[in-house]
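# Coordinates for the following, if possible.
(2 chains)
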Amino acid sequence: MRPVSLKLIYLTLFAAYMLYLLPWAGFGLLLRPDFVLLVLLYWMLRAPHLCNVGTAWMMGLWLDIASGSLFGQYALAYSVTAFFAIYYQRRLVLFSAWQQVGYVMLLLLVSQIVLLVIKLMAGNALPGWCYFLSSLSGVLLWQLLVFSRVIDPDAKNAS
Amino acid sequence: MDHQHPPAFFVRGPSPLARLTFFAAVSIVLMAVDARLHYLTEIRQGVSVVLHPLEVAVRAPVNAFLYVNEYITTQTNLVHENRQLRQRALLDSADLQRFRTLQAENAHLRNMLSALPAMPQPARLGEIVHSGRDPFSQKVIVNLGARHGITSGQAVIDELGVVGQVTQIYPLSSEVTLVTDKDLAVPVQIERSGLRAIAFGNSRNSAIDLPYLPVNVDIQVGDRLVTSGIDGVYPAGLAVGKVVQIDRKTYAPFARIACVPIAGIKTHRQVLLIPAAENVPPLPEPEKPSAKPSKKSPRNAPRKP
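Sure thing, here's the model as predicted:
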């Protein structure tokens, strides 16, 4: 197995960020998977000594800047999600592929729910159920990448 | 580099909980500072300049696709569109002729009344670059910014009616809150009856609400809402929305009136940014603080949540 380099991590995170910056609109915006979080989760499972809560927090800040909403909300949501990913990381890599998908779905939902709570506290109206579609599309994307063997979350730390 | 420090599996630094506590605390402080003090606006403006080339680069392939798509539009389409446009131009020219006479007549009447002359409205043509990334709010980003002389609070319209208001300025772009955003209020008048009201956005289903009107209000389905012009932000007489549903419940204090926006807020790319009126006298100071809270729209930029 190839060793994971820090450069590769930041490169993929940057690519995911560019995907986020694409001009999504309408239904695409609703269905847009959280690319940055997916990449973060993958690296946190694969190389937790290189990609940790701090990395997630930093990427969250960049998303906050791009989204133009309340500063720090993505940072908080990503930190919480990263915590759950890192905390169970050692068990997670032993899971079967399907269990992993379930857990990834849960993590995506955690980040969306944290965001939702922050938005509600800031005085936003409750969005419809469509709001959670992006978690669904995110997990589909994850599974697609696992099936097509682009990523392999079962790969243990290169050691 | 992983091979150099062998037991990476065991060396993990501070515990995840410690990291979470630290970063969560920092995020909450950032949020509180941003929400209460609005201190981070300048920082965000600075960073947005760095981000701008990235956004342009990312948009380039999308724009290229749209351009090619436009280029290979079939000729029949164009002929059809051309015919339609010609018909519309004919209709418009008739209207325009009437408009000129009306304008002359209006000027004459205003002179007779020795009223203030209506100020000319030099507007800037902007293009919607992309819609806001926050699915919670109804916002779009326009390619004109502080560099082009745009200021916060300007009204944004298209050829059909009011699109929204500029709420945040970046150096090279600006954020427009659409009339369907729940934080935007537009002072309107019902064209048929002249009744004044405040229209609020309804982010949920991209509609406009007309709250605080009594159940027996004189309003019909199909009524057009136009700006009343009394706030000094929107020139009077611009179309805002059309009433589509009226719900008069006898037990409710107010009628529930739903409208749809007239401007093509979802479909159009070009918008006009109208400068705020300059010689509007300042609002009188409120005399008594105990006066009942007015439901008037926030005057300039309604700050986003």
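# going forward, measure contacts between C-alpha atoms and count neighbours the same way
Fine.
# what's the lengthiest helix in chain A in contact with?
Looking across chain A with DSSP state H, the single longest helix is helix A:97-121. Helix A:97-121 is contacted by residues A:37, A:41, A:73-74, A:76-78, A:80-81, A:84-85, A:92-93, A:126, A:132, A:135-136, A:138-139, A:142-143, A:154 when judged by CA atoms under 8 Å, 6 or more residues apart in numbering or on different chains.
# Could you check that helix and say which residues are buried?
Of the residues in helix A:97-121, A:97, A:100-101, A:103-112, A:114-116, A:118-119 count as buried by neighbour count, 16 or more other CA atoms under 10 Å in any protein chain shown.
# Figure out the helix or strand that B:V233 lives in.
Per DSSP states H and E: B:V233 is located in neither a helix nor a strand.
# so how many other residues sit close to it?
Using other CA atoms under 10 Å in any protein chain shown, B:V233 has 23 neighbouring residues.
# and the spatially closest residue to B:R204 that is not a sequence neighbour, which of the three is it?
Closest residue in space to B:R204, ignoring its immediate chain neighbours: A:P127 at 6.7 Å, by CA to CA, 6 or more residues apart in numbering or on different chains. Three-state call for A:P127 (DSSP: H, G, I helix; E, B strand; the rest coil): coil.
# now B:V188
Quick answer, by three-state DSSP: B:V188 is strand.
# Go through stretch B:130-147 and flag the buried ones.
Result for stretch B:130-147 [16+ other CA under 10 Å]: buried residues B:130-145.
# sorry, back to before: the residue nearest to B:R204 and B:N202, how far apart?
11 Å (CA to CA, to the nearest Å).
# which stretches of the chain form helices?
Just so you know, I chose chain A. Using DSSP H, helices in chain A cover A:6-21, A:27-31, A:35-46, A:53-67, A:73-87, A:89-92, A:97-121, A:133-147.
# you looked at the wrong chain, it should be chain B
Under DSSP H, chain B gives helices at B:16-37, B:41-71, B:75-113.
# Could you list the buried residues of the last one?
Of all the residues in helix B:75-113, those buried under the rule 16+ other CA under 10 Å are B:A107.
# Which residue is the nearest non-sequential neighbour of the most centrally placed residue in chain B?
In chain B, the residue lying closest to the centroid (CA atoms, centre = their mean) is B:G164, at 2.3 Å. Using CA to CA, 6+ apart and skipping residues adjacent in sequence, the residue nearest B:G164 is B:L178, 4.2 Å away.
# One more: B:P261?
B:G241 (4.1 Å).
# How about that neighbour: which residues does it bridge to?
B:L225, B:P261 (DSSP bridges).
# What of the one 5 residues further on?
With DSSP bridges as the criterion, B:I246 is bridged to B:I257.
# shouldn't it be in contact with B:R256?
Yes - here B:I246 reaches B:R256: they are 5.9 Å apart, a contact under CA atoms under 8 Å.
# The helix or strand bottoming out on mean pLDDT in chain A and chain B, any residue contact?
Counting by mean pLDDT, DSSP states H and E, the weakest-scoring helix or strand in chain A turns out to be helix A:27-31, with a mean of 80. Yes - using CA under 8 Å from any CA of the partner chain, we find that helix A:27-31 touches chain B at A:L29, A:L30.
# Could you list the buried residues of that helix?
Judged by neighbour count (16+ other CA under 10 Å), helix A:27-31 contains these buried residues: A:L29, A:L30, A:L31.
# distance of the residue nearest to the centre of chain B from B:V140?
Distance from B:G164 to B:V140, by CA to CA: 9 Å.
# Overlap of the contact sets of these two?
B:V176, B:T177, B:L178.
# Nearest spatial neighbour of the first one, chain-adjacent residues omitted?
Excluding the flanking residues, the one nearest B:V176 by CA to CA, 6+ apart is B:V166, at 4.3 Å.
# What about that neighbour, how many residues nearby?
B:V166, neighbours per other CA under 10 Å, totals 28.
# My guess is it contacts B:G145. True?
No - look at B:V166 against B:G145 with CA under 8 Å: they stay out of range, at 9.9 Å.
# hmm, who's touching stretch A:128-138?
Residues outside stretch A:128-138 that contact it (CA under 8 Å, 6+ apart) are A:L30, A:L31, A:R32, A:P33, A:D34, A:F35, A:L38, A:M105, A:L108, A:L109, A:Q112, B:R204.
# So A:Q112 versus B:Y67, what's the distance?
Remark: distance between A:Q112 and B:Y67 (CA to CA) = 35 Å.
# Contacts only, for the residue positioned nearest the centre of chain A.
Ranked by distance to the mean C-alpha position of chain A (CA atoms, centre = their mean), the top residue is A:L37 at 1.6 Å. A:L37 makes contact with A:A56, A:Y78, A:L108, according to CA under 8 Å, 6+ apart.
# 6 Å - rerun?
Residues in contact with A:L37 (CA atoms under 6 Å, 6 or more residues apart in numbering or on different chains): none are found.
# how far away is it from B:V163?
For A:L37, the distance to B:V163 (CA to CA) stands at 33 Å.
# repeat for B:A64
Relative to B:V163, B:A64 is positioned 26 Å away (CA to CA).
# who's more crowded, those two?
Taking neighbours as other CA under 10 Å, B:A64 and B:V163 compare with B:V163 leading, 28 against 11.
# Extract the residue ranges of the stretch 51-200 of chain B that are flagged as low pLDDT.
B:112-121 (pLDDT under 70).
# how does it look with 80?
Within the stretch 51-200 of chain B, the ranges that satisfy pLDDT under 80 run B:69-76, B:94, B:97, B:107-123, B:132-137, B:159.
# how about the contacts of stretch A:128-138 in CSV, adding distance to A:V4?
Formatted as CSV, those follow (distance: CA to CA, whole Å):
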residue, distance to A:V4
A:L30, 33
A:L31, 30
A:R32, 27
A:P33, 24
A:D34, 22
A:F35, 19
A:L38, 17
A:M105, 24
A:L108, 24
A:L109, 27
A:Q112, 28
B:R204, 44
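# What parts of the stretch 51-200 of chain B come near chain A?
B:V58, B:H130, B:S131, B:R133 (CA under 6 Å from any CA of the partner chain).
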